[in-house]
Every structure is written in C-alpha cells, then in structure tokens.
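*Asks:* Only the shape, not the letters, is given here:
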C-alpha cells in the first residue's frame, strides 16, 4: 500500500511506471533522480506524497492525478493539493519558458520548481505567503523574479544555483534570509535588502561572483558564517550599527573589496572573516572590538 522512501532513487533508465490503485503513500524521494521518467499518474487512493518525491526527474513533463483523488489535483501537468492552495511540484521536464502561479496558491512547497531549467520567468501572485526551501534551486535559466509582499522569509536554498538570475525584488515584509538562499547566483549584480530584514543566513550570498554592491540596513542584527564568501567582485561594504559580530569567513576571498566600515558596536571578528581580501589596503578597528579570530 505504499511506495517507500527512495524506492526508485536514481533509477536513471526508468522511462515509465504505473502506480496501482490501492497505494496510499508515495515516500520521501521515491522517484528522485529518475532522469528518464517522462510522466506519472497519481492514483485516486494516494493520500500522502513525501518531500522531493520527483526532484531530479529532468525528463518529467507531466504529473497526472486520477479523478476521485481527494487530496491532490493536477493542472496542465503541475501537481497541487486538492484545493490548489499549495503548489507541490512543477515537473522539471516541462519546456515552457514562463509560468504564472494561480491566484489560489498560498504556499509554494519545498523543492517545488527545483531543476526547472527551461523557465526564464515565474510570476508569484500576492496570495502566496510561504515559499519553501529549495523551491527554485537549480532553475538555471530564471532571469528575474519578484517576491510578493505577503512573504515574510526567504527559506534555505530558495534560489541557490539560479545562475542566470540578474535581479530580484525583496519586499519589506521579509524579516529573514535563509542559509544558502542566493548562493551561486552568479549573474546577480546588486540587491537591496529592505529595512525589515533582521538576519542573513549562512552562505546566503556565497559565490555571487557578479555582486558588486550590497546595502545592509540597520535592521540587520545577524550575518551568518560565510554569508558573502567568494563574492569576488564586491567592492565596498558598510557593516550596520545593529551588527555586533562579524562571523566566520563572512567575506572570505572577496578579493575586490577595497574598503569596509566596521561599526562601533562590533565586538567580535570571526576566524577567516577577511581572509584573501587581497585588495583591502587598510581597515579601522573600532574600540568596541574585543576579539579577532
């Protein structure tokens, strides 16, 4: 009655499969990495689908749902919960260049668009209040996206490895930016962080190699380890007065960084914080600093 977690994990030659009626559960990662699987139909008996069940299915063009299923539905091959308030999975093999998320959607699930390499633009409606972790990870062709003002946080890995993403709008409603949220967004040139943001997660902008400037508002109190690591074109930065600690490897290998202003409230500078910042000629330590890693 169930397909266990990782049941067909990386069965890369599997092209088609029929799930029999009576199966109630599709486990976590059940078909993850089935790179040749082109379509799949969820029978009416299924009541539960685990996380990233179809991630890495780069040939999957449609997920169907049998009539009579009380928990899930499909619209043009995209998997939703029954009342279409959650977008669960957009198949990575769909070749459409753009997609408008329906206004009924209030949450975009974890891994929902992971590896959707054909999409260049996605419109998120104002109805969406939650965007899951890794939701747009590895969307290699995505060039721009606007986060609606209903969203309060950017989750872990949400846009990591979106290497074509040149611009993104973060609304004033967002209070936290998760770990690896924008890591490896190689085309991202600049980003404005709103005054609502209080924390920036670990490696949040790691390897954003085109990022030249970033404005950190005074609302930010926490910058995670490696937050701007390998941002090799970042030229200048001001640490806001609200920050008391510069974390481990925060600006490691920011080799174009020529100037940095450390506020009088910083007490601790972590290990490797400015290691390999080869263009940094001078730095002024405020009286507040008591520890240098």
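*Replies:* Structure's in. What do you need? The structure displayed is predicted, hence computed values, not measured ones. Numbering: from 1, shown residues only.
*Asks:* Can you tell me the closest non-neighbouring residue to residue 63?
*Replies:* Among residues not flanking residue 63 along the chain, residue 79 sits closest, at 4.4 Å (CB to CB, 6 or more residues apart in numbering). Where you see a C-beta, it was placed from the backbone N, CA and C, and this is true even at glycine.
*Asks:* just residue 134 next, same as before
*Replies:* What sits nearest to residue 134 in space, not counting adjacent residues and going by CB to CB, 6+ apart, is residue 157, at 4.4 Å.
*Asks:* State the next helix or strand along the chain beyond the helix or strand in which the residue nearest to residue 63 is found.
*Replies:* Element membership for residue 79 (DSSP states H and E) is strand 78-81. Downstream of strand 78-81, the first helix or strand assigned by DSSP H and E is strand 86-89.
*Asks:* What are the contacting residues of that next one?
*Replies:* Residues outside strand 86-89 that contact it (CB atoms under 8 Å, 6 or more residues apart in numbering) are 49, 53-54, 63, 72, 78-81, 101-102, 105-109, 111-112.
*Asks:* Filter the residues you listed down to the ones in helices?
*Replies:* Counting by DSSP state H, no part of the contacts of strand 86-89 is found in helices.
*Asks:* filter the residues you listed to the buried ones?
*Replies:* 49, 53-54, 63, 72, 78-81, 101, 105-109, 111-112 (16 or more other CB atoms under 10 Å).
*Asks:* residues touching the nearest residue to residue 62 once chain neighbours are set aside, list them.
*Replies:* Distances taken as CB to CB, 6+ apart place residue 77 nearest to residue 62, at 3.1 Å, with adjacent residues excluded. By CB under 8 Å, 6+ apart, the residues touching residue 77 are 39, 61, 62, 63, 64, 91, 94.
*Asks:* Can I get these in a markdown table including pLDDT and distance to residue 267?
*Replies:* Listed next are the contacts of residue 77 as a markdown table, based on pLDDT from 0 to 100; distance: CB to CB, whole Å:
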| residue | pLDDT | distance to residue 267 |
| --- | --- | --- |
| 39 | 94 | 57 |
| 61 | 97 | 55 |
| 62 | 97 | 55 |
| 63 | 98 | 52 |
| 64 | 97 | 58 |
| 91 | 98 | 50 |
| 94 | 97 | 51 |
